[in-house]
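Enquirer: Give me coordinates for this.
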Amino acid sequence: MDDKITIIEGPPPMFETIQDGWALGLNEGPYVHDLAITRLRAFNGPALVERCHKAWHNQSSMFLEYRNDLGLEEKATILAARTLETDDGHMLVLWIRREPEEIEAELGFDDDDDLDNDLD
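Expert: Model (predicted):
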């Protein structure tokens, strides 16, 4: 079974962060992930959604595979999918999970020396 939807042409997808609504329930689990939504044009949106449903029914994951702005391959886990019929054809709406950006925290241990000097 094919476990991915690949963007083969066009710019990288634009992801909109999800802050509220039913989609936050998709984040249940031992880890906190960033949730986002993206909208993509598709040749056959219903077939792509059906592939997602089959994978989920079989307890598998589906992934969105794309190239980022640097041209490097990335993939994100698809949590929910929907297709819409527009005047321009099918639009695929995907709710995806992204790994949280690593945040570097700067800890100031230099202040401990000042405390020791104040106690003397």
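Enquirer: CA only for contacts and neighbour counts going forward, please
Expert: OK.
Enquirer: and residue 76, that one's in a strand?
Expert: Yes: looking at residue 76 with DSSP: H, G, I helix; E, B strand; the rest coil, it is inside a strand.
Enquirer: Show me what the host helix or strand of residue 81 is packed against.
Expert: Taking DSSP states H and E as the criterion, residue 81 maps to strand 73-86. Secondary-structure packing of strand 73-86 (3 or more Cα pairs under 8 Å, 6 or more residues apart in numbering; DSSP states H and E): helix 45-57, strand 62-67, strand 89-98.
Enquirer: and of these, who's closest to residue 6?
Expert: Taking Cα to Cα, strand 62-67 is the member of the helices and strands packed on strand 73-86 nearest to residue 6, at 4.6 Å.
Enquirer: Just the angle for the strand holding residue 81 relative to strand 89-98, thanks.
Expert: Strand 73-86 runs at 140 degrees relative to strand 89-98, counting by axes from the mean of the first three to the mean of the last three Cα atoms, to 10 degrees.
Enquirer: Which of the helices and strands packed on strand 73-86 has the lowest mean pLDDT?
Expert: Considering the helices and strands packed on strand 73-86 one by one, the lowest average pLDDT is found for strand 89-98, at a mean of 91.
Enquirer: To residue 10, which of the helices and strands packed on strand 73-86 lies closest?
Expert: For residue 10, the closest of the helices and strands packed on strand 73-86 is strand 62-67, at 9.5 Å, according to Cα to Cα.
Enquirer: in the closest one, what's buried?
Expert: By neighbour count on 16 or more other Cα atoms under 10 Å, the buried set for strand 62-67 is 62-67.
Enquirer: Let me see the residues that make contact with the strand holding residue 81.
Expert: Contacts with strand 73-86, where a contact means Cα atoms under 8 Å, 6 or more residues apart in numbering, come from 26, 45-46, 49, 52, 61-68, 90-98.
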